[in-house]
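Chemist: return atomic coordinates for the entry below.
(2 chains)
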Amino acid sequence: MSWRADRVVRLLLYLYPKSFRAEYGDEIVQFCADRQRHEGKSAWRIIIHETRDACFAGTTMRWEQTMTRNCLLAGGLVLGAVAAAAGGPFLAVPLGIVVLAGSLAAIARRSRLPIGPASPGRRWVSLGAITWIPGMLILITSDRELSAPLWSGAALSLVGGVGLVAVGLLAVIAPPPHAE
Amino acid sequence: MSALPEPRSFLPLPASEMHILVALAQGERHGYAIMRDVAELSDGTVTMGSGTLYGSIKRMLAKGLIAQAAERPDQALDDQRRRYYRLTELGQQVGAAERSRLMALIDAATARRLGLNLDHA
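Modeler: Sure, this is the predicted structure:
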């Protein structure tokens, strides 16, 4: 493989996450050189095929790395909080239930969505507990009927907190069978 | 010694991972040899790029289905960048479970005459 083609292959490696690049970068360069040597195709034809594959595989790897189960839950919770703040209690309760149902679904399918290596379950138990605090404070400190925003905030905080604690606890007690 | 996970918990296996298991069933291989084997086995319909191949290899190493071979077949003739991979015991068991699953599916398709009427159309 010419030095130019070698250079292009090394540039393609930037489509992959850094950890993958560090672990398999040299092997991928060797792989492309082997392809050219044994298949008799031009280096550029191989590069076109590899570019297409790197776009697809690199995007998938980055997505899998970012979209862990807990990220999805946290994202759902934030989205729910924003929507509840804008929509009031009638939106907060269904959203809280959706977050809880999402948590339970994630538990049921835990082998499909990995727990991020940097996000151990304990951290999510803590986050769930912290999510509970505002809801509890609202209920304890209010001595009369709650206003709509407070009501929706409390409902979302309590229901969402349960979901996060449940998922976190499960990750601590029974990690997914295929987790790294 | 810890017990191996239940092989059926890995099913259904992604097609790329099953192809790699089948390629490694014949012995240790490096990345390019696996890709060439898969292309031959599939009559050229499956050509894995390096990202798909090494992405699958990384996942399979994490699951314990394959392992990096400790020794290289011929160090003098081989490039240092190449790594060889081999099936683990769990990989053998998962491969067998996936084979049974696929065979049951083919049996069901045959029993329901899926595509068998095409010859007479």
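Chemist: please work out how many residues are found near residue 26.
Modeler: Since you didn't name a chain, this refers to chain A. By the measure other CB atoms under 10 Å in any protein chain shown, the count of residues near residue A:26 is 17. All C-beta atoms are positioned from the backbone trio N, CA, C, and that covers glycine.
Chemist: chain B, not that one
Modeler: Around residue B:26 sit 10 other residues, with neighbours defined as other CB under 10 Å.
Chemist: for it, helix, strand, or coil?
Modeler: Using DSSP: H, G, I helix; E, B strand; the rest coil, the three-state assignment for residue B:26 comes out as coil.
Chemist: for it, which non-adjacent residue is spatially closest?
Modeler: Once flanking residues are discounted, residue B:26 sits nearest to residue B:37: 7.5 Å by CB to CB, 6 or more residues apart in numbering or on different chains.
Chemist: which secondary structure element is home to that neighbour?
Modeler: Secondary structure from DSSP states H and E places residue B:37 in helix B:31-41.
Chemist: tell me if whichever helix or strand comes after that helix is near chain A.
Modeler: In the C-terminal direction, the helix or strand that comes right after helix B:31-41 (DSSP H and E) is helix B:50-63. Yes. Using CB under 8 Å from any CB of the partner chain, helix B:50-63 comes into contact with chain A via B:50-55, B:57-58, B:62-63.
Chemist: tell me the buried residues in the host helix or strand of residue A:149?
Modeler: Taking DSSP H and E as the definition, residue A:149 sits inside helix A:148-173. Of the residues in helix A:148-173, those buried by neighbour count under the rule 16 or more other CB atoms under 10 Å in any protein chain shown are A:150-171.
Chemist: spatially, what comes nearest to the residue in chain A that chain B sits nearest to if we skip its sequence neighbours?
Modeler: Using CB to the nearest CB, the closest approach of chain A to chain B is made by residue A:53 at 2.5 Å. Spatial nearest neighbour of residue A:53, excluding adjacent residues (CB to CB, 6+ apart): residue B:49 at 2.5 Å.
Chemist: just residue A:139 next, same as before
Modeler: Spatial nearest neighbour of residue A:139, excluding adjacent residues (CB to CB, 6+ apart): residue A:154 at 5.9 Å.
Chemist: enumerate the residues of chain A near chain B.
Modeler: Applying the criterion CB under 8 Å from any CB, the portion of chain A that neighbours chain B consists of A:15-16, A:20, A:23-24, A:26-32, A:34-35, A:38, A:49-50, A:52-54, A:56-58, A:60-61, A:111, A:177-178, A:180.
Chemist: make it 6 Å
Modeler: Where chain A comes near chain B, counting by CB under 6 Å from any CB of the partner chain, the residues are A:24, A:26-28, A:30-31, A:34, A:49-50, A:53-54, A:57, A:61, A:177-178, A:180.
Chemist: list only those of these flagged as buried.
Modeler: Burial by neighbour count, judged by 16+ other CB under 10 Å, picks out A:24, A:26-28, A:30-31, A:34, A:49-50, A:53-54, A:57, A:61, A:178 from those.
Chemist: how about the residues you listed in CSV, adding secondary structure?
Modeler: Conversion of those to CSV gives the following (three-state DSSP):
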residue, secondary structure
A:24, helix
A:26, helix
A:27, helix
A:28, helix
A:30, helix
A:31, helix
A:34, helix
A:49, helix
A:50, helix
A:53, helix
A:54, helix
A:57, helix
A:61, helix
A:178, coil
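Chemist: out of those, which one has the lowest pLDDT?
Modeler: Ranked by pLDDT, these bottom out at residue A:178 (49).
Chemist: so what's the spatially closest residue to residue A:130 that is not a sequence neighbour up against?
Modeler: Spatial nearest neighbour of residue A:130, excluding adjacent residues (CB to CB, 6+ apart): residue A:161 at 7.9 Å. The neighbours of residue A:161, taking CB atoms under 6 Å, 6 or more residues apart in numbering or on different chains as the test, are A:128, A:131-132.
Chemist: sort out for me which of these are in helices.
Modeler: A:128, A:131-132 (DSSP state H).
Chemist: most neighbours among these, which one?
Modeler: In terms of neighbour count, residue A:131 stands highest of the ones in helices among the contacts of residue A:161 at 24 neighbours, by other CB under 10 Å.
Chemist: that residue contacts residue A:160, doesn't it?
Modeler: Yes. Here residue A:131 lies in contact with residue A:160, judged by CB atoms under 6 Å, at a distance of 5.5 Å.
Chemist: check what pLDDT the residue nearest to residue A:130 gets.
Modeler: According to the predicted model, the pLDDT of residue A:161 comes to 79.
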